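> Turn this into a structure:
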Amino acid sequence: MKPSKPLSYAVLGFGYSFLYLPILLLIVYSFNESKLVTVWSGFSTKWYWALLEDDELITAALLSIKIALMTATASVVVGTWAGFVLARLNRFRLFPLFAGMVNAPLVIPEVIQGISLLLLFVAMEQTLGWPEGRGVFTIWIGHVMLCVSYVAIIVQSRVRELNRSLEEAAMDLGARPLKVFFVITLPLISQALVSGWLLSFTLSLDDLVLTAFLSGPGSTTLPMVVFSRVRLGLNPEMNALATLFIVVVSVGVVAGNLYMRSVQRKRDREMQLAFNQA
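Presented below is the predicted three-dimensional model:
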């Protein structure tokens with residue numbers, strides 16, 4: 001039975017409205033003149049200018065971006081190796097245990113992870129004298145532990161889809177496995193690496209639960225500042241700040257998609273040229 005077009009458009013419109021109408025309202029009310037976030041009194045950009053004078057928010061935002069950059073980079077490095085091992089070396093005896101340990105942070109609640117890491121850091125500090133208190137380093141460790149699993153799954157699925165003929169041809173020509181990995185495999189899975197990096201960056205930038213357990217004096221991130229202020233009441237500055245983050249994330253996602261599409265087209269052209277020459 002062929003679906004009705006009006007019904008299909010209605011369902012599609014309802015789905016998009018459910019997803020994006022709250023975000024659209026938030027953007028609109030970020031330009032509201034009034035201090036009351038739900039009462040429209042005219043167009044104004046004063047809340048964006050007010051953000052520039054809010055030192056607490058700016059400091060917290062810069063710290064969150066710094067931690068997110070560190071987390072995304074470390075997660076891609078560790079997660080790539082874990083995903084590659086899961087995809088290629090799936091016949092050793094302890095593979096189910098290794099796969100379960102890599103994927104465990106995806107299903108363990110963040111509250112549990114936060115408590116366990118906090119107990120670990122406290123015990124290490126009492127025993128070894130390190131780390132001294134909680135701060136950027138402990139937050140970074142917690143975020144990496146969370147994001148590595150996402151990167152490993154993305155890389156694992158991409159590596160399994162690879163045609164191994166190029167890698168086998170390179171090894172037949174005398175290339176060592178490590179060189180094949182960096183020269184052949186890594187460029188072929190670059191799209192998965194970019195996706196994993198963007199996902200890790202977003203997860204780290206937005207994380208509140210783990211950060212609440214692992215932060216200390218002088219390491220207050222942006223989600224913690226926003227949460228503490230929202231508990232006292234909605235503030236138009238939060239709407240302006242959220243709008244800026246939506247713009248930054250949207251630009252990053254679009255740029256990432258354009259990059260991955262250009263890489264895919266370039267690879268298709270090179271593969272077609274190689275097959276034609278053969």
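> what about the helices in the protein?
Assigned helices in the chain, in chain order: 5-29, 46-52, 55-88, 95-107, 110-128, 136-161, 165-172, 177-180, 186-188, 190-206, 209-214, 222-230, 236-277 (criterion: DSSP state H).
> so can I have CSV of those showing mean neighbour count, distance to V37 and mean pLDDT?
The C-beta positions use only the backbone N, C-alpha and C, and glycine is treated the same way. Formatted as CSV, these follow (neighbours: other Cβ atoms under 10 Å; distance: least, Cβ to Cβ, whole Å; pLDDT from 0 to 100):
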stretch, mean neighbour count, distance to V37, mean pLDDT
helix 5-29, 11, 6, 88
helix 46-52, 14, 10, 87
helix 55-88, 19, 16, 91
helix 95-107, 13, 35, 83
helix 110-128, 14, 28, 90
helix 136-161, 22, 30, 91
helix 165-172, 14, 55, 82
helix 177-180, 12, 56, 86
helix 186-188, 15, 47, 85
helix 190-206, 21, 21, 89
helix 209-214, 21, 25, 90
helix 222-230, 17, 11, 86
helix 236-277, 13, 6, 81
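> Which among those helices is found nearest to W40?
helix 5-29 (7.2 Å; Cβ to Cβ).
> Tell me which residues are up against that closest one.
Outside of helix 5-29, the residues that reach it under the criterion Cβ atoms under 8 Å, 6 or more residues apart in numbering are V37, T38, W40, P236, N239, A242, T243, I246.
> Just name the closest of the residues you listed to R176, please.
Comparing the contacts of helix 5-29 against R176 with Cβ to Cβ picks out I246 as the nearest, at 46.0 Å.
> Run a quick neighbour tally on F181.
Summarising burial for F181: neighbours were counted as other Cβ atoms under 10 Å, giving 18.
> what residues are up against the nearest residue to it once chain neighbours are set aside?
Excluding its sequence neighbours, the residue lying closest to F181 (Cβ to Cβ, 6 or more residues apart in numbering) is F84, at 7.7 Å. Under the criterion of Cβ under 8 Å, 6+ apart, the neighbours of F84 are V155, Q156, V159, F181, T185.
> Name the nearest of these relative to L128.
Here the nearest of the contacts of F84 to L128, counting by Cβ to Cβ, is V155; it sits at 32.9 Å.
> so what's the closest one up against?
Neighbour list for V155: G79, T80, A82, G83, F84, A87, I189, A192, L193, G196 [criterion: Cβ under 8 Å, 6+ apart].
> just G216 next, same as before
Applying Cβ under 8 Å, 6+ apart to G216 gives the contacts G133, R134, G135, T138.
> that older thread, going by distance to S219, which of the contacts of V155 wins?
Where the contacts of V155 are concerned, and distances follow Cβ to Cβ, S219 has its nearest neighbour in G79, at 24.2 Å.
> now the spatially closest residue to that closest one that is not a sequence neighbour: how far from T138?
For G79, ignoring the flanking residues on the chain, the nearest one in space by Cβ to Cβ, 6+ apart is V151 at 2.7 Å. Distance of V151 to T138, computed by Cβ to Cβ, to the nearest Å: 20 Å.
> Fine by me, we can end here.
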